[in-house]
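S.K.: Need a 3D model of the following:
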Amino acid sequence: MLRSRKAKIVATLGPASNTYETIKNLHVAGADVFRLNFSHGTHAEHQQVYSIIRDIEAEFKSPIAILADLQGPKIRIHEFENKSIMLAEGQQFILDNDPALGNKTRVFLPHPELFQAITPGLDLLLDDGKVRLHVIRVTATKIVTTVTVGGALSNRKGLNIPGVTLPISALTPKDREDLDFALSLGVDWVALSFVQRPEDIIEAKHIIQDRALLVAKIEKPKALEHLVEIVTLTDAVMVARGDLGVEMLPEDVPSAQKRIIRQCREQGKPVIVATQMLDSMIHTPSPTRAEASDVATAIYDAVDAVMLSAESASGSYPVEAVSMMHRIIKQVEEDPFYSSMAQLYRPTPRESVSDALTAAARKVAQTIKVKAIVTFTETGTTTLMETRERPKSLIMGLTPNQNVARRMGLFWGTYPVLANQITSFQEMISTACKATLSEKVADVGDRIIILAGVPFAQSSGSNIMRVIELEATCQED
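M.R.: A predicted model of the protein is given here:
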C-alpha cells in the first residue's frame, strides 16, 4: 500500500488482532509488516493468521511482509512449595541443582550449564530485576548469594545474568521447531532472540539459507561488545529495549539505542526500534506525550521501522495505536529538520559502480524535482542500497520475485511492486513509466530516476541510471 511516509510500522498480532477484519484495518491504518510472536500461540493459530495476511495481500494486490519472531532461551528458576516466597535484604539465598520444590532459603535452577558460567562477585537479576542477588560462592551444585534487593518471588520467574556471555545457543529445540514451521509457511523475515555473539547469527543463517532474511534482536548487553560484527553478518537489527533494559541501567539504554542505530545506518542495514513505544495505548485510546516523543525521536534518527508489541497484539485499541504511530511518523517526516537528521549517518559509498549510482541518484533527486527513484532488482540489494541514502523522493522497488517484493516491505521509503522480468533497455523505461503512473506514484509531466543493471535478469548490481519525464504515451500499450 502506498503510504505518505518513509519509516515503516511493524505491528504484532495476537488475541486482540487475529481476525480478518482487524488485520485488514491495521493494514489500512498503517501497518506495513506483521509480526508473528512465537513466544505465544500455537502453530495452527500462526498458520491461520498467516493465511489471513496473504488473503489481505491478494485483496490489495500489494506485497505484505511477515516477520516470525522466535522466543529464544528463557532462563527461569523452578517452583516453590507455597508458590511464592518473600526475600529480605541481606539474607542468604541459594540456587541449586536439587529438583525439589523451593522454599525461603533455596530454589532449583534447571540450567546446569550456568553453574560454570556464574562466578563470585556477579549480580543476578530475578523477575526483570525486581529482586537482586549478589553471588558470594559457587560450587558444582550450588550458587550461594546474598539478597541485595528483596521482594516477592514466585514460581518460574526469569533470571538474568548481566556481564556474562552464557554458554547456550540462541536457538532452543522449541525455536528450531518454530523456525522450521515458519519457513515452511513462507515468512519473509525471522527475528532471532538472545543474540550474544556473531556465532549466533552464523548458526541461524546456516539453517535459514535464502528462505528468509534475518533480524538480530539486540536485547543482551553482551551483544553490544560484538555490535559491528553482528550488524555485518545479519540482514537487519531490532533494538529490543525492554529486554535490553533489564540488564542495563535505565540511563544507559538511550545511548545504547543511539549506538545501535548509528552502526546500522553506517552499514546500511535496516533497523527497527521496539518495545513500549505506545505502551499506555494498551489500555487507553491515546498515548502519553512522552511516548509520542519517544516514537518521534526514533524517526528523527531515520530508523527504518518502529514496532508495536502488546499495543496491537493484546491491547484494547490496536487499530488506534497503529493510526497514532502513522500520524506521529508523518508529522516528523514533514519537519524540514528531519531531512538533515536523516543524512547524519548516511554511509560513505564504497568504490563500486552500484554505490556510486545510488549516491548519485539521491544527489540528482535533490537537484531537480524527482517524483520517484525506480529500482529494478532481482534480490532487493539495489533497492536497499538506495534506502541507505535516505533520499527525499519515494523509492519504488520493481522486482519479478514475489519473495523479494515482500521482504522490501521493511525497507525505509520503499514501495515494493511486482513487475514482469525486463530483457531490454526500452522495456526497462516502458515498465518504469507504466508502473509509476498506474500505481499513482507519479503523474504525466513528472520526472523519475531509473536504476537498473545489465545484463538484465541477472543479479549484476546497478550500472545504469536514467532520468525520464513521464509522458501520456507511457500509458499506451
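
S.K.: residues in contact with Ile66?
M.R.: By C-beta atoms under 8 Å, 6 or more residues apart in numbering, Ile66 lies in contact with Val33, Phe34, Arg35, Leu36, Tyr50, Ile53, Leu185, Gly186, Val187, Asp188, Trp189, Arg406. The way it works is simple: take the backbone N, C-alpha and C, and place the C-beta from them, glycine included.

S.K.: Revised request: answer the last question for Glu203.
M.R.: Applying C-beta under 8 Å, 6+ apart, the residues near Glu203 are Ser169, Ala170, Leu171.

S.K.: just Asp32 next, same as before
M.R.: Met1, Arg3, Lys8, Ile9, Val10, Ile64, Ala65, Ala305, Gly409, Leu410.

S.K.: And for the nearest residue to it once chain neighbours are set aside, the neighbour number?
M.R.: Excluding its sequence neighbours, the residue lying closest to Asp32 (C-beta to C-beta, 6 or more residues apart in numbering) is Lys8, at 4.1 Å. Look at Lys8: counted by other C-beta atoms under 10 Å, it has 25 neighbours.

S.K.: Torsion angles phi and psi at Lys8?
M.R.: Phi and psi for Lys8, reported as degrees, to the nearest 10, are phi -100, psi 160.

S.K.: from what I can see it touches Pro416, true?
M.R.: No: if you go by C-beta atoms under 8 Å, Lys8 and Pro416 don't touch, sitting 11.0 Å apart.

S.K.: Give the intersection of the neighbour lists for the two.
M.R.: In contact with both Lys8 and Pro416: Gly409, using C-beta under 8 Å, 6+ apart.

S.K.: so which strand or helix has the nearest residue to Asn401 once chain neighbours are set aside?
M.R.: With sequence-adjacent residues excluded and distances taken as C-beta to C-beta, 6+ apart, Asn401 is closest to Glu378, at 6.6 Å. Counting by DSSP states H and E, no helix or strand carries Glu378.

S.K.: domain parsing for this protein?
M.R.: 8-73+170-336, 84-160, 353-475 (automatic domain parsing).

S.K.: can you give me the strands in the stretch 51-200 of the chain?
M.R.: 65-69, 84-87, 92-96, 106-108, 123-126, 131-138, 142-149, 151-154, 159-160, 189-192 (DSSP state E, counting those that start in this stretch).

S.K.: repeat for the stretch 201-350 of the chain
M.R.: 213-218, 236-240, 271-274, 305-308.

S.K.: buried residues in the third one?
M.R.: When you say that, I think you mean strand 271-274. Across strand 271-274, burial judged by 16 or more other C-beta atoms under 10 Å covers Val271, Ile272, Val273, Ala274.

S.K.: Return the distance of it from the chain's centre.
M.R.: 5 Å (C-alpha atoms, centre = their mean, to the nearest Å).

S.K.: likewise the last one?
M.R.: Centroid separation for strand 305-308 versus its chain: 7 Å, with C-alpha atoms, centre = their mean.

S.K.: Please enumerate residues in contact with that strand?
M.R.: Here strand 305-308 has contacts from 7-12, 32-33, 35, 238, 270-275, 277-278, 295, 298-299, 318, 321-322, 325, 329, 410, 412, using C-beta under 8 Å, 6+ apart.

S.K.: which other helices and strands contact the lowest-mean-pLDDT helix or strand in the chain?
M.R.: The element with the least model confidence among the helices and strands of the chain, by mean pLDDT, DSSP states H and E, is helix 241-247, at a mean of 88. Contacts defined by 3 or more C-beta pairs under 8 Å, 6 or more residues apart in numbering; DSSP states H and E place helix 241-247 against helix 253-267, strand 271-274.

S.K.: so which of the ones you listed is the most packed in?
M.R.: strand 271-274 (a mean of 26; mean count of other C-beta atoms under 10 Å).

S.K.: Surely Ala310 touches Leu13?
M.R.: No: in this structure Ala310 lies outside contact range of Leu13 using C-beta under 8 Å: 11.4 Å.

S.K.: Tell me which of these two has more neighbours.
M.R.: Set Ala310 next to Leu13 and count neighbours by other C-beta under 10 Å: Leu13 wins out with 28 against 20.

S.K.: ok, now which ones touch that one?
M.R.: Taking C-beta under 8 Å, 6+ apart, one finds Ile23, Phe34, Arg35, Leu36, Asn37, Val49, Ser312, Ala313 in contact with Leu13.

S.K.: likewise Ser312?
M.R.: Ala11, Thr12, Leu13, Gly14, Ala16, Ser17, Leu26, Ala31, Pro318, Ala321, Val322.

S.K.: ok, it to Thr297 distance?
M.R.: Distance, Ser312 to Thr297, by C-beta to C-beta, to the nearest Å: 20 Å.

S.K.: go on, Arg447?
M.R.: 34 Å.

S.K.: Thr12 too?
M.R.: In terms of C-beta to C-beta, Thr12 sits 21 Å off from Thr297.

S.K.: now Tyr415
M.R.: From Tyr415 to Thr297 the distance is 25 Å (C-beta to C-beta).

S.K.: Those two: which is more packed in?
M.R.: Tyr415 (24 against 15).

S.K.: in this structure, which ranges drop under the pLDDT threshold?
M.R.: Across the chain, the ranges flagged by pLDDT under 70 are 460, 475-477.

S.K.: longest helix of it?
M.R.: Looking across the chain with DSSP state H, the single longest helix is helix 43-60.

S.K.: now what about it, what contacts it?
M.R.: Applying C-beta under 8 Å, 6+ apart, the external contacts of helix 43-60 come out as 1, 13, 18-20, 23-24, 27, 34, 36, 38, 63-64, 66, 68, 178, 181-182, 185-187.

S.K.: Extract the C-alpha set from that helix and format it as PDB.
M.R.: Coordinates of each C-alpha in helix 43-60 appear next as PDB, following Å, rounded to 0.1, in the frame of the first residue of the first chain:
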ATOM      1  CA  HIS A  43       1.400 -23.400  15.100                       C
ATOM      2  CA  ALA A  44      -2.200 -23.800  14.000                       C
ATOM      3  CA  GLU A  45      -3.000 -20.300  15.200                       C
ATOM      4  CA  HIS A  46       0.000 -18.800  13.400                       C
ATOM      5  CA  GLN A  47      -0.900 -20.600  10.200                       C
ATOM      6  CA  GLN A  48      -4.400 -19.200  10.300                       C
ATOM      7  CA  VAL A  49      -3.100 -15.700  10.800                       C
ATOM      8  CA  TYR A  50      -0.500 -16.100   8.100                       C
ATOM      9  CA  SER A  51      -3.300 -17.200   5.700                       C
ATOM     10  CA  ILE A  52      -5.400 -14.200   6.600                       C
ATOM     11  CA  ILE A  53      -2.500 -11.800   5.800                       C
ATOM     12  CA  ARG A  54      -1.900 -13.400   2.400                       C
ATOM     13  CA  ASP A  55      -5.600 -13.100   1.600                       C
ATOM     14  CA  ILE A  56      -5.500  -9.400   2.500                       C
ATOM     15  CA  GLU A  57      -2.300  -9.100   0.400                       C
ATOM     16  CA  ALA A  58      -4.300 -10.600  -2.600                       C
ATOM     17  CA  GLU A  59      -7.200  -8.300  -1.900                       C
ATOM     18  CA  PHE A  60      -5.000  -5.200  -2.000                       C
END
